[in-house]
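Engineer: Please find the sequence and the predicted model below.
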Amino acid sequence: MKRRRLARVAPIAVTLFAVLACGHNPDRLPHLDRQFYENLDSDKQRQEFLRLKESERQAYLDQAGLWAQWTALSSEEREAVKNRSVEVGYKEFTAHMSWGPAADVREGESNGRVVRYETFIRCTSGPKAGVYVRQNIDCDGTSSEVQLAIENGIVTEIKYLD
């Protein structure tokens, strides 16, 4: 009797587990939603975002302040986000949406101006080739680094460090 009940319940439990696990996996998010997910401030916010229905995400991003930054981007910068490209003159938010949060951030002064330097790490080989990560060891292969100089929220210089 117990085996029959277990035989009936087991497939349902496995299916339910699979659905719940997939729903909370950021890799399953559409590209743009994944970029927003990466730019949320905390693990708590990222977990909340994963639990939202697709129709609820924009309101959540609006409350987090990210939607206003997105709508402030030009159509050219939005297209750059899709292509994961950044150019001098783009807003800092374009870089973050394209490549995720910087791996390293430092501030300096140059000719009386405050400049923030943000370094981004991109995997160049291995299973994560083309993915931007927060640490070189996350690549499981080789990596390259790009440093952006940012003044007043605008990318003013791009240096390829490798």
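Structural biologist: Cool, got the structure.
Engineer: what's the weakest-modelled helix or strand in the chain?
Structural biologist: None of the helices or strands of the chain scores lower by mean pLDDT, DSSP states H and E than helix 2-23, at a mean of 50.
Engineer: moving C-terminal of that helix, what's the next helix or strand?
Structural biologist: Remark: after helix 2-23, the chain's next helix or strand is helix 31-38, criterion DSSP states H and E.
Engineer: Tell me the helix or strand right after that next one.
Structural biologist: Sequence order places helix 43-51 as the next helix or strand after helix 31-38, per DSSP H and E.
Engineer: What is that next one packed up against?
Structural biologist: Here helix 43-51 touches helix 31-38, helix 57-64, going by 3 or more CB pairs under 8 Å, 6 or more residues apart in numbering; DSSP states H and E. C-beta here means a position set from N, CA and C on the backbone, and glycine is covered the same way.
Engineer: angle of the last one against helix 31-38?
Structural biologist: In other words, helix 57-64. Computed by axes from the mean of the first three to the mean of the last three CA atoms, to 10 degrees, the angle separating helix 57-64 from helix 31-38 equals 30 degrees.
Engineer: Please name every helix or strand in contact with helix 57-64.
Structural biologist: Packed against helix 57-64 by the contact rule (3+ CB pairs under 8 Å, 6+ apart) you find helix 31-38, helix 43-51, helix 66-71.
Engineer: Nearest to Val146 among those would be which one?
Structural biologist: Closest of these to Val146 is helix 31-38, at 16.3 Å (criterion: CB to CB).
Engineer: of all the helices and strands packed on helix 57-64, which lies closest to Ser110?
Structural biologist: Nearest to Ser110 among these is helix 66-71; the distance by CB to CB comes to 25.4 Å.
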